[in-house]
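**Student:** What follows is a predicted protein model with its sequence.
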Amino acid sequence: FLKSIQAKTEDMLADLNFLEAWSAVWKIFATAGFVILIGRLAWSAGPLLTSILIALPVNIGPGLLLVSLTQDSVFVVDSALYGLAGGTGVAAFIIVFVRTKFFKNFYLSLLIGALGWGVVTWCLFKSELTIEKASSLVVLSAVSSYILLPKIKQNLDRVATPASWNFLIKRGGVAGCMITCIALAAPFTGPAVAGILLSFPTTLCVTGWMLQSHYGLQFVTETYSAASRALILYFTFCFGVIFLAPVISGPAAIILSFILVAALGALSGYLIICFRKRH
């Protein structure tokens with residue numbers, strides 16, 4: 001009887017390990033594919049449309065989905081709440097990066113921007129976070145971005161050719177591995193740390209690293225500035241998970257919220273294209 005229980009337990013653990021391994025592999029390839037797609041489309045799309053793509057919650061979305069498979073809805077809601085507040089850190093990252101572009105060094109601006117994100121998110125741990133406080137932080141980040149960021153020029157000279165597939169695949173693979181590691185570590189850190197880690201602008205960092213290598217620092221700066229406006233997609237996703245997860249299951253809330261923001265992103269892109277054609 002004991003041997004039978006032990007055998008069943010080992011089979012369950014083996015199935016669980018296989019599921020985790022498959023989830024990791026799937027997320028690596030999915031994230032890598034997304035980054036590669038951005039890099040290829042950036043040549044013709046320009047900074048504004050590219051910003052909509054990188055503002056989609058492709059980091060916290062799949063990351064929370066993996067978390068929701070092993071955690072209850074309360075954990076998911078708390079993580080999404082801290083992820084929502086963590087969006088303020090993302091806005092700070094963008095503002096600091098854009099304002100330090102006079103260094104003309106992508107990596108230095110990236111480091112200073114990450115420090116700005118760290119200062120903001122560290123303050124989040126020092127206070128008791130509620131939906132009201134998180135919503136206030138969202139408004140504060142929107143106002144700060146509007147005041148402190150320059151207007152988007154949209155008149156950049158386009159490089160002669162799009163980035164090569166070999167160039168994009170290498171950088172996409174690195175991006176996929178980085179984001180997957182953060183998502184897999186999140187459930188072991190508690191909901192607050194999980195939400196903060198998943199809110200880290202990983203996608204912005206790795207896509208910026210990829211874009212600046214071929215399209216230049218100014219292109220990245222313009223894309224980041226536009227992304228600060230497109231963060232509404234990120235905030236909408238977090239709000240959706242917070243309000244839907246207690247009503248329906250965590251995975252269903254995450255999938256439904258992601259579909260919603262993807263539709264909003266597609267609509268925004270369509271309107272931008274129509275506006276360009278008219279002018």
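**Tutor:** Everything's here; your move.
**Student:** nearest residue to residue 79 other than its sequence neighbours?
**Tutor:** residue 195 (4.1 Å; C-beta to C-beta, 6 or more residues apart in numbering). The way it works is simple: take the backbone N, C-alpha and C, and place the C-beta from them, glycine included.
**Student:** likewise residue 77?
**Tutor:** Distances taken as C-beta to C-beta, 6+ apart place residue 245 nearest to residue 77, at 4.9 Å, with adjacent residues excluded.
**Student:** Average pLDDT for stretch 225-245, rounded please.
**Tutor:** Average pLDDT, stretch 225-245: 88.
**Student:** now stretch 110-127
**Tutor:** Stretch 110-127 comes out with an average pLDDT of 87.
**Student:** and residue 96, how many neighbours?
**Tutor:** Residues lying near residue 96 (other C-beta atoms under 10 Å) number 21.
**Student:** What strand or helix carries it?
**Tutor:** Per DSSP states H and E, residue 96 falls inside helix 73-99.
**Student:** Flag every buried residue along that helix.
**Tutor:** For helix 73-99, burial by neighbour count (16 or more other C-beta atoms under 10 Å) applies to 73, 75-99.
**Student:** Repeat that for stretch 235-248.
**Tutor:** 235, 236, 237, 238, 239, 240, 241, 242, 244, 245.
**Student:** export that stretch as PDB, just CAs?
**Tutor:** The C-alpha trace of stretch 235-248 is given here as PDB (Å, rounded to 0.1, in the frame of the first residue of the first chain):
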ATOM      1  CA  PHE A 235      -2.700  49.600 -16.100                       C
ATOM      2  CA  THR A 236      -5.900  48.400 -17.800                       C
ATOM      3  CA  PHE A 237      -4.600  44.800 -17.600                       C
ATOM      4  CA  CYS A 238      -3.800  45.100 -13.900                       C
ATOM      5  CA  PHE A 239      -7.200  46.600 -13.100                       C
ATOM      6  CA  GLY A 240      -8.900  43.900 -15.000                       C
ATOM      7  CA  VAL A 241      -7.200  41.100 -13.100                       C
ATOM      8  CA  ILE A 242      -7.800  42.800  -9.700                       C
ATOM      9  CA  PHE A 243     -11.600  43.100 -10.300                       C
ATOM     10  CA  LEU A 244     -12.200  39.900 -12.300                       C
ATOM     11  CA  ALA A 245     -10.100  37.400 -10.400                       C
ATOM     12  CA  PRO A 246     -12.300  37.400  -7.200                       C
ATOM     13  CA  VAL A 247     -15.400  36.800  -9.500                       C
ATOM     14  CA  ILE A 248     -13.900  34.200 -11.900                       C
END
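**Student:** Please tell me how far that stretch is from the chain's geometric centre.
**Tutor:** 16 Å (C-alpha atoms, centre = their mean, to the nearest Å).
**Student:** Show me what that stretch is in contact with.
**Tutor:** 57, 60-61, 64, 73, 76-77, 80-81, 83-84, 87, 131, 138, 250, 252-254, 256-258, 260-261, 264 (C-beta atoms under 8 Å, 6 or more residues apart in numbering).
**Student:** how far does stretch 122-135 stretch from start to finish?
**Tutor:** Using C-alpha to C-alpha, to the nearest Å, the end-to-end distance of stretch 122-135 comes out at 18 Å.
**Student:** the strands in the stretch 151-279 of the chain, which residues?
**Tutor:** For the stretch 151-279 of the chain, no strands are identified by DSSP state E, counting those that start in this stretch.
**Student:** Roughly how far does residue 102 sit from residue 223?
**Tutor:** 18 Å (C-beta to C-beta, to the nearest Å).
**Student:** who's more crowded, these two?
**Tutor:** Neighbours around residue 102 and residue 223, counted as other C-beta under 10 Å, are more numerous at residue 223. The numbers are 32 against 7.
**Student:** mind listing what's buried in stretch 104-124?
**Tutor:** For stretch 104-124, a neighbour-count test (16+ other C-beta under 10 Å) marks 106, 109, 110, 112, 113, 114, 116, 117, 120, 121, 124 as buried.
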